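>>> Need coordinates for the below:
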Amino acid sequence: MAEKILTAEQKAHILRRGVSSIISEREFTELLEDGTSLRLKMGFDPSSTDIHLGHAVGLRKLRQLQDIGHKVVIIVGDWTAQIGDPSGRDATRPMLTHEQVQENAETYLTQFFEIVDRDRCEVRWQSEWFGSFDLADILRLASRFTVAQILERDDFEKRLRQNKAITIPELLYPMLQAYDSVAIEADVEFGGGDQMFNLLLGRDLQRAEGQRPQQCFHVPLLVGTDGIEKMSKSLGNYIGIAEHPNDMFGKIMSLSDDMMPDYFEYLTDVPYTELSEIKESMSIKAVNPMDVKKRLASDIIGQFHGAQAAAEARDFFERTVQGGETPDDILTLALGREQAESTRLSALLAQAGMASSSSEARRLISRSAVRLDGTPIEGNIAVSELGSGGVLRIGRRRFMRLELETD
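Next up is the predicted model:
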C-alpha cells in the first residue's frame, strides 16, 4: 500500500512542480488518494550511455512518488532501440546492435539509480514479451490502430509535408511502446511533451485490451545550454549528471539568466516561497545573477557528487574562470619529438579528452578558444610548434601542460 494521506503541500509538489500536464489529473489524483501502490512506467531506448539534467526532471518526479510508496517499472527498450524513434526529429535514430544496447543500458541504469531508488524499482526488458512475437502478433497489434491515427503524430505530419520518408518500422514504434504499457499493466506512464502521442496511444490500447487506462504524466522539456533547443546529447547542449563537477559547474554558470527559474523549479527542492523570492529579486535586479547561478550549480552538483565536490567545483570556478588562475594539478602530457611533429593540435586535444572529437577541437581552435600561455593559437598547427612546458587552456575550464621529450 502507498501512503494514504498526503498533505496539501505534498500533493501540490507532485501535481504542480516540474509538471507540464497530467491526463487525466482528476483520475490520477483519485488514484493517489485511495492508497493503492501504483506502477509507474518509465521507458528508455539505450541509444546512448549517459543521463543528462533533462532526463533528471522526470526521474526526480519518479523518486518523489517512490517516497510515498509507489513502484517504478523501468523498461529497457532493447527492441525499439533497434528500430529508432524520431520523437520530434527529422530523421530516425540509427539502429543499434544487441551488444550496443546491452552496453549502453548498463551505464544508463547505473546513472538512473543515482536518482531513483533501486530497491523500489522493477527493471524489465522488452525482449521479455517481444522476443516471442511472430508476424501474427504484429498484425494483431497493428489492427488496433488506423493509419490516420498514427499519422496524427506531429513529427510524422511534418515529414509528410516536407516529402521526407517515413519507414514502416517507424510507424510501428508507437504501437510497440503502447504495448509495453499493456505488458507491465502500467498505472502511470512518464515522458516529455514530445512523447505525448505515444503515451496517449498506450492509454488507448490498454482500454481496448480491457485494462484500466494509464495516466499520462508529462514533464517539461528542459532547455539546454544553448538557450534554444531542448537538452540533448545529439545537439551538444547537455549537462551530464556523471560529468566532472568542475565541468558541470562551468556549464551551469554559462546559462542565461532567464533560464534560472526553470532550472531551480525542475531540478531542486528549493521551497516555492523561496523560489518566488529569487524570481522577484532577479526581476528587480536586487541580486547578482552570478550568485544565483552559483547557488543553483552547487545544489545540482551536490545531488550527484556530494556537498564537498560542489564546494570544490565552486572554488575551482572562482579561481580559474573568475580569477584567471591556472590550477596546480593540471594534466601533463609528454610526447616524443617525432610524434609531436606528426600530430595536429586537434587530434591531441581529442586524444587527451580536452574535446569530444577532433572536429570539436578544430571548432574551438577556429574560435580562438584554445590558448597557449594566454595567447590564442592560430590554426590547427602541428603539436611540435607549441614548444615544451607551456600551458594550454581549452575553453574556460580545461587546462593541459605539454612536455616534448628530446630525442
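
>>> use CA for all of it now, contacts and neighbours both
Will do.

>>> How many neighbouring residues does E360 have?
15 (other CA atoms under 10 Å).

>>> Helix, strand or coil: sort out it for me.
helix (DSSP: H, G, I helix; E, B strand; the rest coil).

>>> any idea how far it is from A350?
8 Å (CA to CA, to the nearest Å).

>>> pLDDT wise, what is D329 at?
For D329, the pLDDT comes out at 69.

>>> ends of stretch 303-322, how far apart?
Termini of stretch 303-322 sit 24 Å apart (CA to CA).

>>> Report the mean confidence score over that stretch.
Stretch 303-322 comes out at a mean pLDDT of 91.

>>> which residues of the stretch 251-400 of the chain fall in helices?
For the stretch 251-400 of the chain, applying DSSP state H, counting those that start in this stretch gives helices covering 260-267, 272-283, 289-305, 307-317, 337-342, 345-351, 358-366.

>>> report the angle between the axes of the third one and helix 307-317?
Orientation check (axes from the mean of the first three to the mean of the last three CA atoms, to 10 degrees): helix 289-305 against helix 307-317 gives 140 degrees.

>>> which residues are contacting helix 289-305?
Residues outside helix 289-305 that contact it (CA atoms under 8 Å, 6 or more residues apart in numbering): 114, 241-242, 245, 248-249, 252-253, 257, 260, 263-264, 267-268, 278, 282, 307-311, 314.

>>> Can you say which of those are buried?
114, 241, 245, 248-249, 252-253, 260, 263-264, 267-268, 278, 282, 309-311, 314 (16 or more other CA atoms under 10 Å).

>>> State the pLDDT value of A91.
Reported pLDDT for A91: 46.

>>> OK, contacts around the most centrally placed residue in the chain?
Using CA atoms, centre = their mean, the residue of the chain that lies closest to the mean C-alpha position is H52, 3.0 Å off. Residues counted as contacts of H52 (CA under 8 Å, 6+ apart) are 231-232, 238-241.

>>> burial count for the residue nearest to it when sequence neighbours are not counted?
Once flanking residues are discounted, H52 sits nearest to G240: 3.9 Å by CA to CA, 6 or more residues apart in numbering. By other CA under 10 Å, 20 other residues sit near G240.

>>> what do you get for V147?
10.

>>> Return the residues in contact with it.
Contacts of V147 by CA under 8 Å, 6+ apart: none found.

>>> can you map out the strands along the stretch 101-250 of the chain?
121-125, 188-192, 215-219 (DSSP state E, counting those that start in this stretch).

>>> Return the most buried member of the ones you listed.
strand 215-219 (a mean of 25; mean count of other CA atoms under 10 Å).

>>> so what strands line up beside that one?
strand 21-23 (antiparallel), strand 188-192 (parallel) (DSSP bridges).

>>> Tell me which of these lies nearest to I365.
strand 188-192 (36.0 Å; CA to CA).

>>> send the alpha carbons of the closest one over as CSV?
Provided in CSV are the C-alpha atoms of strand 188-192 (Å, rounded to 0.1, in the frame of the first residue of the first chain):
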residue,chain,number,x,y,z
VAL,A,188,1.0,5.8,-14.9
GLU,A,189,3.5,6.5,-17.8
PHE,A,190,6.0,9.3,-17.7
GLY,A,191,7.5,11.2,-20.6
GLY,A,192,8.4,14.6,-22.0
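
>>> Could you give the average pLDDT over that strand?
91.

>>> Repeat that for stretch 256-275.
92.

>>> neighbouring contacts of that stretch?
So stretch 256-275 is in contact with 17-18, 53, 56-57, 60, 222-223, 227, 278-279, 289, 292-293, 296, 299-300, going by CA under 8 Å, 6+ apart.

>>> Which pLDDT value belongs to L221?
For L221, pLDDT reads 92.
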